[in-house]
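In: structure for this input, please:
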Amino acid sequence: MQVHFIAIGGSAMHSLALALQRKGYTVTGSDDEIFEPSRSRLQRAGLLPERWGWFPEKIHKNLDAVILGMHAREDNPELRRARELALKIYSYPEYLYEQTKDKIRVVVGGSHGKTTITSMIIHVLTQCGKDFDYMVGAQLEGFDNMVRLSDTAPLAVFEGDEYLASPLDPRPKFHIYQPNIAVLSGIAWDHINVFTSFDVYVEQFKIFIETIEPNGTLVYCADDPLVAGIALIARKDVTAIPYHTHPYRVIEDEVYLESEGKLYPVLIFGRHNMQNIAAAKAVCRVLGIGDEEFYSAIASFKGAARRLQLIANNEYTNVYFDFAHAPSKLTASVKAVKEHFPDRKLVACMELHTFSSLSENFLQQYYGTMEKADLAFVYYNPKVLEAKQLKPITPEMVRKAFGSKHLTVYTQTDELVDALRQITWKGTNLLLMSSGNFDGLDITALANSLVHV
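Out: Residues are numbered from 1 along each chain as shown. Sure thing, here's the model as predicted:
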């Protein structure tokens with residue numbers, strides 16, 4: 001099989017390219033820019049394009065498939081050539097489905113928690129010696145790629161993103177996978193550049209449930225009233241399985257799951273993670289994994305990269321980095337760290353980085369999200385608003401939107417870093433939250449400099 005990637009450098013696209021190469025496919029690709037870590041990974045595999053740009057001559061009639069990334073535009077020269085030759089053109093999710101259409105597919109959807117739930121299921125299946133394919137949106141410990149595709153695995157586990165499939169396909173990705181087992185973790189408005197109202201956004205999850213295969217299964221969070229309501233519309237042939245936050249106890253900073261009078265240790269913390277564990281457990285039950293097996297396997301789960309990831313610490317201070325950027329994610333992460341360390345102060349620092357978070361009419365969704373922090377910082381770069389062609393916002397608008405008495409807004413990275421360095425960190429934790437990196441800030445180096453003075 002010969003496959004060409006238009007925009008091979010994306011986080012998801014390069015992972016799929018590596019997975020297909022390992023499967024024995026001949027893989028080529030193009031892009032106009034590729035950043036780390038995609039660049040190094042492609043280079044090691046011999047897949048890094050020799051030159052940046054688009055080259056129609058790379059598109060030929062012997063290609064079995066062309067995979068189109070979101071970074072490519074509709075007028076892309078390689079895409080035009082592929083159309084002229086009437087080649088099969090797939091979006092990323094379409095090709096994942098094509099590769100797994102004869103397998104049992106588990107698809108984890110929801111506004112929050114989907115990466116962690118998918119990672120938990122993958123971890124447990126691995127610990128239990130199961131053969132499976134997967135796609136997940138974060139790097140996992142013990143895995144060198146975020147995608148695996150094989151000819152042998154009877155099962156595939158996918159993270160179901162609700163963002164659009166490709167420049168040619170406006171469907172949300174998770175509408176394409178047609179799950180045998182679907183998970184719906186929670187709903188909180190996001191991606192307002194695509195879903196212009198909350199009702200339009202919610203509708204995508206209703207459609208997701210409708211895509212479940214005949215006689216399939218829906219695992220849903222009954223703690224979320226909106227999700228519970230949507231679950232009621234599932235077809236009669238679909239088995240609906242509700243889950244609630246798993247009972248747990250915190251004993252001397254250690255977290256234990258409670259079940260039938262027994263305590264099972266876990267390495268992660270936070271009520272939202274106990275909810276995620278309940279979802280993973282319900283899915284694993286459907287897949288034939290017993291509860292004792294599950295508890296034994298989940299005990300060694302350390303979390304997905306950039307999800308409440310401990311990046312530096314000493315005896316008195318922990319520094320966490322979290323992918324949180326949407327309001328519901330901020331609330332859950334701040335609450336988790338504060339509840340787990342009630343005797344420590346918490347400094348929460350987040351970056352407004354996504355289209356939604358930088359939109360004036362969405363800012364109000366952040367009201368109260370950082371209220372549980374003892375000190376809160378919000379950072380944004382005004383130049384990013386210009387690049388995204390958004391209306392300017394002011395620090396005062398941000399302060400008012402968050403509604404926190406302990407919040408300071410910064411628009412310069414060096415000013416934010418200076419403010420963090422002025423804090424006495426003994427007995428205080430730091431939570432850094434962003435889907436970016438605070439405009440190129442070496443976050444790990446900063447964290448270590450704060451705790452190792």
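In: where exactly do the helices run in the chain?
Out: With helices called from DSSP state H, the chain shows them at 11-22, 38-44, 77-84, 92-100, 114-127, 198-210, 225-231, 271-286, 291-298, 327-340, 382-387, 395-402, 413-421, 443-451.
In: which residues does the second one contact?
Out: Translated: helix 38-44. Contact with helix 38-44 is made by 8-11, 14, 17-18, 29, 34, 48, as judged by CB atoms under 8 Å, 6 or more residues apart in numbering. Using the backbone N, CA and C atoms, a C-beta is placed for each residue, glycine as well.
In: output that helix as CSV, restricted to C-alpha atoms.
Out: Provided in CSV are the C-alpha atoms of helix 38-44 (Å, rounded to 0.1, in the frame of the first residue of the first chain):
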residue,chain,number,x,y,z
SER,A,38,6.7,15.8,15.1
ARG,A,39,9.8,16.9,13.2
SER,A,40,12.2,14.7,15.1
ARG,A,41,9.9,11.7,15.1
LEU,A,42,9.4,11.9,11.3
GLN,A,43,13.1,12.4,10.8
ARG,A,44,14.0,9.3,12.8
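In: beta-bridge partners for the closest residue to Ile89 other than its chain neighbours, please?
Out: In space, and not counting its chain neighbours, Ile89 is closest to Val66: 4.8 Å by CB to CB, 6 or more residues apart in numbering. Beta bridges link Val66 to His4, Ile89, judged by DSSP bridges.
In: gap between Val66 and Tyr379?
Out: 39 Å (CB to CB, to the nearest Å).
In: between those two, which one's more packed in?
Out: Using other CB atoms under 10 Å as the criterion, Val66 and Tyr379 rank with Tyr379 on top: 26 against 23.
In: buried sites along stretch 327-343?
Out: Residues 327-338, 340-341 are the ones in stretch 327-343 that count as buried (16 or more other CB atoms under 10 Å).
In: actually, stretch 263-277.
Out: Buried residues in stretch 263-277 (16+ other CB under 10 Å): 264, 266, 268-277.
In: identify, out of the helices of the chain, the most deeply packed stretch.
Out: When neighbours are counted by mean count of other CB atoms under 10 Å, the highest per-stretch mean among these falls to helix 114-127, a mean of 25.
In: just the angle between it and helix 271-286, please?
Out: Helix 114-127 runs at 50 degrees relative to helix 271-286, counting by axes from the mean of the first three to the mean of the last three CA atoms, to 10 degrees.
In: mind giving me the packing neighbours of helix 114-127?
Out: Secondary-structure packing of helix 114-127 (3 or more CB pairs under 8 Å, 6 or more residues apart in numbering; DSSP states H and E): strand 104-109, strand 155-160, helix 271-286, helix 291-298.
In: compute the inter-axis angle for it and strand 155-160.
Out: In terms of direction (the same axes, to 10 degrees), helix 114-127 departs from strand 155-160 by 160 degrees.
In: gap between helix 114-127 and the chain center?
Out: The chain centre lies 13 Å from the centre of helix 114-127; the measure is CA atoms, centre = their mean, to the nearest Å.
In: with stretch 343-356 instead?
Out: With CA atoms, centre = their mean, you get 17 Å for stretch 343-356.
In: just the buried residues of that stretch, please?
Out: 344-356.
In: will you turn those into JSON lines that also has distance to Glu258?
Out: Shown next, in JSON lines, are the buried residues of stretch 343-356 (distance: CB to CB, whole Å):
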{"residue": "Arg344", "distance to Glu258": "25"}
{"residue": "Lys345", "distance to Glu258": "29"}
{"residue": "Leu346", "distance to Glu258": "26"}
{"residue": "Val347", "distance to Glu258": "31"}
{"residue": "Ala348", "distance to Glu258": "29"}
{"residue": "Cys349", "distance to Glu258": "33"}
{"residue": "Met350", "distance to Glu258": "32"}
{"residue": "Glu351", "distance to Glu258": "36"}
{"residue": "Leu352", "distance to Glu258": "38"}
{"residue": "His353", "distance to Glu258": "37"}
{"residue": "Thr354", "distance to Glu258": "36"}
{"residue": "Phe355", "distance to Glu258": "41"}
{"residue": "Ser356", "distance to Glu258": "37"}
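In: do I have it right that Val136 meets Ile121?
Out: No - the pair Val136 / Ile121 is not scored as a contact, 9.2 Å apart, by CB atoms under 8 Å.
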